[in-house]
Each structure stands twice: as C-alpha cells, then as structure tokens.
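Enquirer: A structural model of the following input is requested.
(4 chains, ligands or ions: 2)
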Amino acid sequence: MAEVIWGLATSHVPSIGAAMDRGKTDDPAWKALFDGYAPARAWLAEHRPDVAVLVYNDHANGIDLDFVPTFGLGTAERYEVADEGFGRRPVPDVLGHPEFSFHLVESLVDEGFDLTVFQELAVDHGFTVPMSVWTPDPGDAWPCPVIPLLVNVIQYPQPTAARCYALGQALGRAIRSFPGDLTVGVLGTGGMSHQLAGTRAGFINPDFDAMWMEAVEKDPARLAALSREELIRQAGSEGIELIMWLVMRGAMDEQVTRVHSDYFVPASNTAAGIALFDNRTPTG
Amino acid sequence: MAEVIWGLATSHVPSIGAAMDRGKTDDPAWKALFDGYAPARAWLAEHRPDVAVLVYNDHANGIDLDFVPTFGLGTAERYEVADEGFGRRPVPDVLGHPEFSFHLVESLVDEGFDLTVFQELAVDHGFTVPMSVWTPDPGDAWPCPVIPLLVNVIQYPQPTAARCYALGQALGRAIRSFPGDLTVGVLGTGGMSHQLAGTRAGFINPDFDAMWMEAVEKDPARLAALSREELIRQAGSEGIELIMWLVMRGAMDEQVTRVHSDYFVPASNTAAGIALFDNRTPTG
Amino acid sequence: MSTPTGAGRLDLPGTPVFDGDTSRRGFRMNKLFMSLRDAAARERFLADEAAYCREFGLTAEQEKAVLARDWQAMIDLGGSIFYVYKLAMMDGRSMQYLGGVFTGMGEDDFLAAMRAGGRRDG
Amino acid sequence: MSTPTGAGRLDLPGTPVFDGDTSRRGFRMNKLFMSLRDAAARERFLADEAAYCREFGLTAEQEKAVLARDWQAMIDLGGSIFYVYKLAMMDGRSMQYLGGVFTGMGEDDFLAAMRAGGRRDG
Ligand SMILES: [Fe+3]
Ligand SMILES: [Fe+3]
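Expert: Ligands and ions are numbered 1, 2, ... in the order given. Next up is the predicted model:
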C-alpha cells in the first residue's frame, strides 16, 4: 500500500513565483516570506516522496470557461508548464505517474466522486508556484512525479468545503489502497484571505486566517462546515480557494504533527500562508 | 416548484436517426421499430412539458478524450447540432434554458455531485436521436427547451449504476425545488444490450433487456446495485449505457405509470428499447 | 430574470461573485482576454482593438469598456478578474493598480494599505 | 505494468474495455480519427495517409494498422470503437462490416446473425 507521508498547504500567488524567477527573494518586500519558507523547505528536502498529488485551480491558462469541471484529475505522463502570456516560468515540466493516476481515478469514481479525467493539461502558476515553494531549485526535474487534482474555485458554485474534505478523505483511502509501496506527499494550495475585485478589493482577514491555520491541523471538520457564503464573507471572494487545503487535510490522518507554519501579508494582494504536516505515525 | 411529468427511456442508435432522415421508416428492416414508437409519440405530443432534461453521452463529436467528465451539464442558450463527419442531421438546434440550468447546477453541486458545467456544447446523435424518437417532425423547433446532461459511458471507469441512480434522485429534488411553475420531461438514453468490438461483437441479451425493462419501472434499486463488470458482461461493452436510464428513473417518483414500452432487434448492432412513464399522481 | 438564482441569493456587499449567469454574460469577452496569452493575438488586438472585439462577438457595452479600459465596467459586464487581468498585464498594469481602481483609492494608497496589512471590512 | 489496474481486473472474454491505460495508448490515434469529421482533413488524409499519421504522432504500429485498415489492430493499439468508426465511415464501411471483421464471420453472416436476433455468449 501507499502512504501519505506529509501534507503541505501553501498559497500559490503568481508574484511569489515571479520573485523567485527574478532573483528578488532577498528584497525587503519578500525576504520575510521566503525566510518563513526555509524550515519547511529544509524538512521537505529530507523527506522526498515517491509521488505527490497537488490540489490546485487553474486561472484561465490550462482550461477555459467553455467547460468548468468541479474536480479534475490528470492521468498524463507529462504536464507542460503553461505560458500565461509572457513566456513560461523557467521551471521544468511536470512528470506524471499514469498508473497511480488510474488507480486514483478508479477508486474515487467508485466512491462516487464525479471526476473529469484529463489526459492533457498545461499547468499554470496555481500548480508551479507551490512546486517552487516546495523545491526552490529543481534543476532539470522536480523531486518526483506529481499528479494534478483540479478544483473549481473560480466559477460559482464551487464545491462545498464539506465536499472538498470528503474528497480528501476518499483520496486518502485511494492512496492507501494502491497495490504498491509508495510514499506520497499531498499539497493543498491557494488562499489565504484575499479579494481581487469589487470595492472590498484588498480585503485581508488575519483573524480568520489564524483560526483557519489552527483548525486545519486540529479541527478540519469545523472548516468543512463553512458555507460558500461564509467563506467568501470571511476570506474574500478569492479566499474561498482555501477549500483546497481541506482536500489535502482530508487525505491525512486524524492526528498530524505540525512541522512548520508561517503567515505573511501581502504577497501581491493576498495573505500568504504555509503549513507543513508530518503524517507518519510518531515513533515514541 | 417544477414537476417531472414524464420520463422517457430510449436507445439513441445513429441509424434510427438516419432511417428517419432518409425516409426509410417504412422499410421492412425498420417498420416494426417505428410502429413501436407510435403510441409513445402520440402520448408525448399530448403532454408537452415546459422544459426537458436529456441524459446522454457524446460519441467523439462534442467532446474529445483530452478530458472526460463523469457528469456534465449544459447552461447554454443554444446547443448546436454536431456535424459527425458527413453533414449535420437536418434537425433544429436545441434551445436551452440557462436559468433552469443554473438552478440545477447549484442544487446538484450543493448535494455533492461534481458536475462539469458546459457553456458551449455541440450535441451529437446521442442527443438528437432521442429528440427524434420523441418528436419525429419538429419543423423549425423542438417542442421545448432541453438541457443536456452528459454521462461518461465510453471510458472506463464509468460512474457506477448506483451513482447514476443517486444523481437522478438529486436531479428530481433539484427540479422540484425550482422557484417557478414548470412541467419537466426527463429522457434517459442509450442501450439496450449491444457490443460493437471484440470477438463478442453483435452480442444481444434479450433476457437481460427484459429484466431491465421490467425493473426500471418497478425495482430500479435492483439495477442500481449492478457492478460495471456485471453490466458489461450482461449487456455488452456498450450496453453499459443503460446506466443513463437510471438517472431518468431516479428523477421520477417511486411509483410511476408505464404508458408504453417496446423492444426491437436489431437497430444497427443494438437492441433498441423504448419505455415511457407518466409521473403525475394518478387521479382516481 | 424574475427569480434569484446563484449568487443572487448571496448578500456580500462590495464583492462581485462570478456565478453562472455572470459567466454567461461575459463569455465572449473572457474568451477575448484569454486569447491575449498569445503574442500574435496581442499584436492583432493592439492593431485594431474594435475589430478584434467584434471578431470575438462582444456586446457594444463590452467593447466600449474594453476600449476605454473601464475595468469596473468589464467586471460588471461579466468579466472574471482572472481573465480581465490578462488585458491589464498586457497594458503593464498590476493587480495593485486594479485594486486602486476598484476601490477608488488609486494605486499608491491601495499599495500602501496592502503593505500595512491589507484592508478590513467596514 | 506489474500491478493490475482498471480493466485489467475485469474478466470479460472477447470484450475490449476502453480503460484509462488503453485511452492513453490510443490517444494520438483517436485524435486522428476524430479529425476526420472535417471534409478538408479527410482530403488531406487521403492524399498522404502516412504523412497524416506522422503529423498526429502515431506509433509505427498504429500507422501500419491505419494504413492497412487492420481494424482489430487499431482496437488492440488503443483505438476506441467510436473513434475507429470514423475512419470506417470515411471508407464507406458499416458497423456490420466491422462486426464481421471483429468476429471473423464476415459482414454477410454477421448481418444475418443480427437480423436473427443478435449473437449470444458461448
Ligand atoms: Fe488561485
Ligand atoms: Fe451511445
């Protein structure tokens, strides 16, 4: 069986990737954010999984509004890095793991999750920025194959927080039932509080973010009970992305060990958060 | 509230549409099939709904294998009839009902059905043949707006029969919760037993089809319990399409009144079936 | 529409919600914005913006908003911020610039507010 | 693959199951078949079938199967019957013709069997 060894929650703000690509990580506007990543990156470098699942949303780069899947899962051998308009990020393409993908698809569809299966998909900053948060200097290749799990957070109605948490729990069961010994990392991306348009643009809610950061570790069911409207009210219209953290959290055990977390405002117009959880049974 | 007034199950074999488009419905090979449609068509002509939902699958015309949605729902104002290679069928485009679609999407996503929402979709014979079975001479327009509900039946793993039946039940609740007085027809399409490829090509299972025809009226839960493997074994690799009848059936009341049904072999390589159910409470 | 659907039922002041109906209204305009990821498309757009808008089937109001860079109107007419932003990027505008427009604060004050920890409700 | 996935776990003799792995193997070939819905594409295909196959990135085996109209091989190499059928239609072949090929019965006997109520197992 395969085993989830860690879960990483992180914002996926494009400017975080841009700051790295342009060598600005030591600039005053950015240094504190990247310093806050360092302990997580160090731990992750010591705990490389065999495969990862990355939960994210696309931002009008890999897919369009012709069709909006609530949940999508990739089964490709390779995912190209999208050109979002001004050249692709200087990072490697993503290698997939079709066999593992097919297993996940079958398990999840059997459990009544109505996935859209992608055989071809270009991944945008929603995917590559978390990869860079995890692995700042990938060289020619990312540390392991990674499977994209797309969530619709752009077009209302998004899946409910409860549905995302349930998907995560089913994902955990699917991973554990894989007939092969693999270690697995799971990334949940997006958030934290932010709103890009409307007179409330620039809205940040540090109290809500602090509550979320605490509860995602200890009481995710509480977060899963939040309605769409409540999430948009409390976290901003784009802060609803936080539902993707619940997919990651659902795939982990009830008890997890927090390795590191940090919070930073602003990354572009967003409150950026990182939280890394160890899912291995503590040996005492 | 809106109300499901009838449910129609019918095969969607392309040659049925071709026989109509070419005026061959009186040919010896076809006459019995079309005679079998007559009572259903006469009843349907007397019971025109305000809107219909048509459950079908695409056959490499409206969508490709780049992405395969388990369930898709259209929200467009108009659905073009696809050109499947040799000119589009001489039938009208389909008008949609966006407001009703948005209501269905929101209700179904709230209930945990992970729809893919289509704003643009060309509909193929899987859709237009059932429209022609219902309405042989539409003139310039079909009898009412129709909303496409796509089901993946082509690429394994298809949704389970149980999931399709559950979707239908949720669809029924969604329809009934619409804030407006509308009468609704629901069409489930595909089947009956058939297999197109492999040494078992040409396989037809009249015993299974007869069981299905009876149970879809009186004991749909029995059909919902069938596994994918059992469905393919009993109904053939393409006969698994019958799961789409369960979406229609789920949207109706527990007790329905059979108006008419018929069974015919072969339409092309397929056992063709039709079953029409009245969902209005019998007035006694 | 006589019956409230989707986000029409949400009560979220100052917060546009990109729901199905909005997405339908903005569909062609958002397609135009997405096309601007391609350098050749940007050139064609800049050579004759009005013709490019007509090619994509924008409404007159949408065309006017795009030509005037009326960012608020683009949102009101069905633009998704993630799509609208592609036009802004082409113009060399940042998300902070757009925030300055949407809030009426102007870019500098908006940026200062973000650096001070972001804006609060009320 | 060392571990059975998807349809590998199904035991259905004589019944190809178009699962994810099959779909992956046949992806480019199925794309080619889908392209044949367009009259101009059919013309280009017929003018130089091998070149058209290479343009779509078919494997050598797939190209050989397409050129030879080896319908069984197309299915074995990842073709979906709904896609393969688009090539057959272009050639003026019916689903009964294909049934005759897949079963080894030939078209006439296959058609007769269908008219007699279809084939049974075993
Ligand atoms: Fe995002
Ligand atoms: Fe079909």
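
Enquirer: what stretches of the stretch 151-284 of chain A score poorly on pLDDT?
Expert: A:283-284 (pLDDT under 70).

Enquirer: And the strands in it?
Expert: A:183-189, A:257-267, A:270-278 (DSSP state E, counting those that start in this stretch).

Enquirer: Skipping adjacent residues, who's closest to the most centrally placed residue in chain C in space?
Expert: Centroid-nearest residue in chain C, with CA atoms, centre = their mean: C:Val84, separated by 3.7 Å. Spatially, and ignoring its direct neighbours in sequence, C:Val84 is nearest to C:Met74 (5.0 Å; CB to CB, 6 or more residues apart in numbering or on different chains). Where you see a C-beta, it was placed from the backbone N, CA and C, and this is true even at glycine.

Enquirer: Tell me who's in contact with that neighbour.
Expert: C:29, C:62, C:65-66, C:84, C:87 (CB atoms under 8 Å, 6 or more residues apart in numbering or on different chains).

Enquirer: Among these, which one sits closest to chain A?
Expert: Closest to chain A out of the contacts of C:Met74 is C:Val84 (7.9 Å), distances taken as CB to the nearest CB.

Enquirer: Just the pLDDT for the closest one.
Expert: Reported pLDDT at C:Val84 in the predicted model: 98.

Enquirer: still on that earlier bit, the residue nearest to the centre of chain C contacts C:Trp71, correct?
Expert: Yes. The criterion here is CB atoms under 8 Å, and C:Val84 meets it with C:Trp71 at 6.5 Å.

Enquirer: shared neighbours of the two, anything?
Expert: With CB under 8 Å, 6+ apart as the test, C:Val84 and C:Trp71 both reach C:Leu98.

Enquirer: Can stretch A:185-192 be said to contact chain C?
Expert: No. Contact between stretch A:185-192 and chain C, assessed by CB under 8 Å from any CB of the partner chain, is absent, since the two come no nearer than 10.5 Å.

Enquirer: ditto for stretch A:124-139
Expert: No. Figure legend: stretch A:124-139 not in contact with chain C (CB under 8 Å from any CB); closest approach 9.9 Å.

Enquirer: and which of the contacts of C:Met74 is nearest to B:Ser132?
Expert: Using CB to CB, the shortest approach to B:Ser132 within the contacts of C:Met74 belongs to C:Met29, at 36.0 Å.

Enquirer: Report the contact partners of the closest residue to the closest one other than its chain neighbours.
Expert: Closest residue in space to C:Met29, ignoring its immediate chain neighbours: C:Gln62 at 4.7 Å, by CB to CB, 6+ apart. The contact partners of C:Gln62, by CB under 8 Å, 6+ apart, come to C:26, C:28-29, C:53, C:74, C:77-78.

Enquirer: Pull out the buried residues from those residues.
Expert: By neighbour count, with 16 or more other CB atoms under 10 Å in any protein chain shown, these hold C:26, C:29, C:53, C:74, C:77-78 as buried.

Enquirer: List phi and psi for the residue nearest to C:Arg119 when sequence neighbours are not counted.
Expert: Nearest non-adjacent residue to C:Arg119, counting by CB to CB, 6+ apart: A:Gly202, 4.0 Å away. Backbone torsions of A:Gly202, given as degrees, to the nearest 10, read phi 90, psi 0.

Enquirer: separation between A:Gly202 and C:Phe110?
Expert: 6 Å (CB to CB, to the nearest Å).

Enquirer: The two: which has the busier surroundings?
Expert: Under the criterion of other CB atoms under 10 Å in any protein chain shown, the comparison of A:Gly202 against C:Phe110 puts A:Gly202 first, with 28 against 25.

Enquirer: pretty sure that one is in contact with C:Arg115, am I right?
Expert: No. The pair A:Gly202 / C:Arg115 is not scored as a contact, 10.7 Å apart, by CB under 8 Å.

Enquirer: what about chain C, any weak spots by pLDDT?
Expert: Low-confidence segments of chain C (pLDDT under 70): C:1-9, C:122.

Enquirer: could I get the buried ones among the contacts of C:Gln62 as TSV with distance to A:Gly250?
Expert: What follows is these, written out as TSV (distance: CB to CB, whole Å):
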residue	distance to A:Gly250
C:Gly26	33
C:Met29	36
C:Cys53	44
C:Met74	37
C:Leu77	38
C:Gly78	34
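
Enquirer: longest helix anywhere in chain C?
Expert: Secondary structure of chain C per DSSP state H: the longest helix is helix C:20-35.

Enquirer: how close does the residue nearest to C:Gly79 when sequence neighbours are not counted get to chain B?
Expert: Closest residue in space to C:Gly79, ignoring its immediate chain neighbours: C:Gly26 at 5.1 Å, by CB to CB, 6+ apart. As for C:Gly26, its distance to chain B is 10 Å (criterion: CB to the nearest CB, to the nearest Å).

Enquirer: Tell me, how many residues neighbour the residue of chain A found nearest chain C?
Expert: Nearest to chain C, among the residues of chain A, is A:Ile204, at 2.5 Å (CB to the nearest CB). For A:Ile204, the count of nearby residues is 25 (other CB under 10 Å).
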